[in-house]
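> Next comes the sequence, and after it the predicted model I'd like to discuss.
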Number of protein chains: 2
Amino acid sequence: MTVEKQMAELKLRLREISDLEGAGAVLAWDQSTYMPPGGVKARGRQMATLTRLAHEKLIDPAVGKLLDDLRPYEESLPYDSNDASLIRVTRRDFERAIHVPPSLQAEIWQHGAESHQVWLAARPDNDFSAVAPYLEKTIAYSVQLADCFPGYNHPADPLIDMSDEGMTAAAISDLFQELRQELVPLVQAISAQAPPEDAFLYESYLPQEQLDFGLRIAKDYGYDMKRGRQDLAGHPFMIAFSPDDVRITTRVDSNNLNDALFSTLHETGHGLYEQGVAHELEGTPLAGGTSSGVHESQSRLWENLIGRSYELWSHYYPDLQAQFPAQLRAVPLEAFYRAINKVEPSLIRTEADEVTYNLHVMIRFDLELALLEGRLKVKDLPEAWHARYEHDLGLHAPSDVDGVLQDIHWFWGLVGGAFQGYTLGNIMAGAFFDAALKDNPQIPEQVAQADFAPLLAWMHDNIYQYGRKFTPDELVQRVTGGPLSIEPYMRYLRQKYGRLYGLELFSS
Amino acid sequence: MTVEKQMAELKLRLREISDLEGAGAVLAWDQSTYMPPGGVKARGRQMATLTRLAHEKLIDPAVGKLLDDLRPYEESLPYDSNDASLIRVTRRDFERAIHVPPSLQAEIWQHGAESHQVWLAARPDNDFSAVAPYLEKTIAYSVQLADCFPGYNHPADPLIDMSDEGMTAAAISDLFQELRQELVPLVQAISAQAPPEDAFLYESYLPQEQLDFGLRIAKDYGYDMKRGRQDLAGHPFMIAFSPDDVRITTRVDSNNLNDALFSTLHETGHGLYEQGVAHELEGTPLAGGTSSGVHESQSRLWENLIGRSYELWSHYYPDLQAQFPAQLRAVPLEAFYRAINKVEPSLIRTEADEVTYNLHVMIRFDLELALLEGRLKVKDLPEAWHARYEHDLGLHAPSDVDGVLQDIHWFWGLVGGAFQGYTLGNIMAGAFFDAALKDNPQIPEQVAQADFAPLLAWMHDNIYQYGRKFTPDELVQRVTGGPLSIEPYMRYLRQKYGRLYGLELFSS
């Protein structure tokens, strides 16, 4: 076979896998938006079948043969060319997939589905004992999965690598340690100040008007509704079926203006990334965000660095007031800005503010490592959770529902690698935004005019178009000129919250 | 392998096929309801991949081997047992699939997709010449497909067999000939009468209130919303992902009370059938309606024989008046009943009344046979269409948009076998309802109380639960005790419309 034929054959096989994955994503979207309750059983089976078939097609020895045969061609091409990147990234996916025996993979999927069902039932009953045996099995499976990749330093490393390629428990622990040292005094300094008034955010707001306002900003950001849509879901998410069908969901609470608005901007950030992947990568493993962390950098950037900025609301707030005069007429812009950026230690990660959010993530990350190392037993997990919350946030959850049972992540198959992406994303958001500002210092003024096109174009040129071509470390190096640093992110937090809370010490 | 293991292996393979088909159905539903325009390209590819994989899994020689090995077991079982039926129906599907070379199958799918796109573009332009070459190719493919099943009497026979198994062009032509002889004088007699007043149906009706009213009756019929839902779509349809996730769609016209209401009841009929399939058949080829005709018998029965009956409206009409007082307060029940049953020759099949509808179908059926036989050339089709409408309905369409371009059926892959099911369904609806009335003469009184449970239970016991176990002829024989006869259906039409239009001659 000529190289051309080999590439065509590889792309054909990858497109079939991409089609199966895209179809599975449609089924997942439907399950979370419109599926009637009766559909759940068949849907689980249909999705499992699509996942299994996609996996079978990836681990086909013919794929391995093509990848071997194409190595000289790959090496003859620039690293960032489409073909070299495709071969390289496919090889990584292939290697990762063939290291896992199909029987173990099937067991993990099956266990994940059962574990999820048990968690769904146990949560309303605050019954950790019901999930405990499943979680023990989950940890055993996670270690077993890690053991498929011998040579790791920490059992979490291969698991982290699956969502944040190239990163390790040690590197992330170092980064998080640095971050914690900066964050804790910041949170303490903020907590010593009088909290801003925010009761007006929890008055009654008509759901449809909330949704319309959020979507208006999403569209202004550049989210293309011809290639996307927004629906309601219990837990907001973004999902892509192709770069031309990228959907976001939100939820809406008639007594909480934050909920729909900022979850919409968060998911829009994910959506902008997926909509921005170059079309020539469609139908290949390169079409999509490169890692959990980089994806989260975009959701957090558009939700927080832009979406909770003074500049943005200096533009939109008069319209928001006009939309909700009874609730907001008497609230000045500055007070609104302070309210949507209120910092307050809390129990629930998904409701946490921008500053304390990372403390939630780091607690989980540390507990994951301890569980995988065997230093922490499942039976002791709820207490370890409470102890860490007490220590880091000064709070003790009244029950496990608001404790270890709050997040789905550990209850659908794996422990390890599930949470670090959120804080990596925050750090990267700071680093990427800093780089964007260096290239274009006008961004804040542009945001104040609701002119998001220059920032979006920068993200497109520097990040989105490449899809999965680069690892997160490679991308950070390309974009910021160095390794991932917490400095720009911390500088952003210190400036913003120093000013908001009048902390002289921190204002640069 | 033991018989048990063979059955388990067969069921596992069939479940995988069913999962792929169910997934494909979810994608089709999404495409017609919520998909943004940008999604169309990837969606076409994803659906094609699922269809191809399901086909590949069906024609796997291992399936043929299992079916062969299981023949003695099948023959040891009662004909209507689950296992014997599963083996028998799977064998038919398998034989049908392996007769078609995969390359031809792929070409037909590809051609169907292209042809559909061309039709979509040509229709607004009234441009038959744009679709003509595609239609010629479609006819050639249809004949080529028929030739994969040698020994037929008419090239339409194998094509008809795919949707209405066991039926033939000759048998259907005879039945339709009989029907036409009865229908034409009935239509003529009705046309000689003064038409009922129905302008009030075309006043302004709030869309949401229309939808709510239709869905209320659907639920009263017994359509289970825990295992279904209704959404809007350009062309109403029913689609099932499993017996526990059966969805209907409708459209709504604020100036036409008929549209949403009766399309909802029509699709509900399809939905009741699919929701009624026995759960133990789920995940097998037996889960679903047995044929195009039998399926249509249910949609037409619940739409027309029940949904346009005097009894039903004697119950619901006061509420409909209360819902739309400005439009209906001054309209008595009798006048409403006459209006929703107005008979009037028209150009568009989907808008035709219960009596003339079959004339539309028979025109298409006859033209299909002529095209396949080569008696009629594609270039002469528009004129042949107009001539038949002139002859049978006394109308001449002003353009091909209201002529040969109106239906999608010939423009997505095959000619032959596409239309007969609609009229077979009407005939069967009459036959099944007649049998139900014999078993339970109280049905009309029950309908007048909005008590549909006895009729639904009868349909469930006699038809729905069996899924695809029986061919349409077998089912008709079992349910009515004889072959399919037009007599009950014509008796129903004569009685109903004889009374409505004061035709002494016809009122039994």
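Looks like it came in fine. All values reported here derive from a predicted model rather than from experimental measurement.

> rest of the way, CA atoms for contacts and neighbours
OK.

> Go ahead and name everything in contact with the helix or strand that contains A:Gln477.
A:Gln477 belongs to helix A:472-480 when assigned by DSSP states H and E. Residues outside helix A:472-480 that contact it (C-alpha atoms under 8 Å, 6 or more residues apart in numbering or on different chains) are A:164-167, A:290-291, A:293-294, A:428, A:431-432, A:435, A:462-463, A:482-484.

> Restricting to C-alpha, output the helix or strand following that helix in PDB.
Moving toward the C-terminus from helix A:472-480, the first helix or strand encountered (DSSP H and E) is helix A:487-501. What follows is helix A:487-501, C-alpha atoms only, in PDB (Å, rounded to 0.1, in the frame of the first residue of the first chain):
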ATOM      1  CA  GLU A 487       1.600  33.100  38.800                       C
ATOM      2  CA  PRO A 488      -0.700  34.700  36.200                       C
ATOM      3  CA  TYR A 489      -3.700  33.100  37.800                       C
ATOM      4  CA  MET A 490      -2.800  34.200  41.300                       C
ATOM      5  CA  ARG A 491      -2.000  37.700  40.000                       C
ATOM      6  CA  TYR A 492      -5.500  37.800  38.500                       C
ATOM      7  CA  LEU A 493      -7.100  36.600  41.700                       C
ATOM      8  CA  ARG A 494      -5.100  39.000  43.900                       C
ATOM      9  CA  GLN A 495      -5.800  42.000  41.700                       C
ATOM     10  CA  LYS A 496      -9.500  41.200  41.300                       C
ATOM     11  CA  TYR A 497     -10.300  40.200  44.900                       C
ATOM     12  CA  GLY A 498      -7.800  42.600  46.400                       C
ATOM     13  CA  ARG A 499      -9.700  45.400  44.800                       C
ATOM     14  CA  LEU A 500     -13.100  43.900  45.500                       C
ATOM     15  CA  TYR A 501     -12.400  43.300  49.200                       C
END
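
> what helices or strands is helix A:487-501 leaning on?
helix A:169-191, helix A:420-439 (3 or more C-alpha pairs under 8 Å, 6 or more residues apart in numbering or on different chains; DSSP states H and E).

> which of those helices sits most buried?
Of those, the one with the most neighbours on average (mean count of other C-alpha atoms under 10 Å in any protein chain shown) is helix A:420-439, at a mean of 23.

> so that one versus helix A:487-501, what angle?
Put simply, helix A:420-439 runs at 90 degrees to helix A:487-501, going by axes from the mean of the first three to the mean of the last three C-alpha atoms, to 10 degrees.

> can you give me how far helix A:420-439 is from the chain middle?
13 Å (C-alpha atoms, centre = their mean, to the nearest Å).

> Tell me how many other residues surround the closest residue to chain B within the stretch 401-508 of chain A.
Scanning the stretch 401-508 of chain A for the residue nearest chain B gives A:Gly467, at 17.1 Å (criterion: C-alpha to the nearest C-alpha). A:Gly467 has 24 neighbours, counted by other C-alpha atoms under 10 Å in any protein chain shown.

> got a list of what it touches?
By C-alpha under 8 Å, 6+ apart, the neighbours of A:Gly467 are A:Glu274, A:Val277, A:Ala278, A:Leu281, A:Leu286, A:Ala287, A:Gly288, A:Gly289, A:Thr290.

> Now distance to B:Gly38 too, for those, in CSV please.
Shown next, in CSV, are those (distance: C-alpha to C-alpha, whole Å):
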residue, distance to B:Gly38
A:Glu274, 13
A:Val277, 14
A:Ala278, 14
A:Leu281, 16
A:Leu286, 19
A:Ala287, 16
A:Gly288, 16
A:Gly289, 19
A:Thr290, 22
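
> Which residue ranges of chain A form strands?
A:228-232, A:238-242, A:245-250 (DSSP state E).

> which residues sit against the longest one?
The reference is to strand A:245-250. Outside strand A:245-250, the residues touching it (C-alpha under 8 Å, 6+ apart) are A:227-240, A:260, A:263-264, A:267-268, A:271, A:274-275, B:35-36, B:38-39.

> Could you report the pLDDT at A:Lys110?
Check again: residue A:110 is Gln, not Lys. Predicted confidence (pLDDT) for A:Gln110: 89.

> Same question for A:Ser507.
44.

> and the nearest residue to A:Gly269 once chain neighbours are set aside, how many residues sit next to it?
Nearest residue to A:Gly269, sequence neighbours excluded (C-alpha to C-alpha, 6 or more residues apart in numbering or on different chains): A:Ser299, at 3.9 Å. Applying other C-alpha under 10 Å, we find 29 residues neighbouring A:Ser299.

> Return the residues in contact with A:Ser299.
A:Leu265, A:His266, A:Glu267, A:Thr268, A:Gly269, A:His270.

> Check those against chain B and report the nearest one.
A:Thr268 (15.8 Å).

> elements contacting the helix ranked longest in chain A?
If you go by DSSP state H, chain A has its longest helix at helix A:3-33. In terms of contacts (3+ C-alpha pairs under 8 Å, 6+ apart), helix A:3-33 is packed against helix A:40-58, helix A:61-69, strand A:238-242, helix B:3-33, helix B:40-58.
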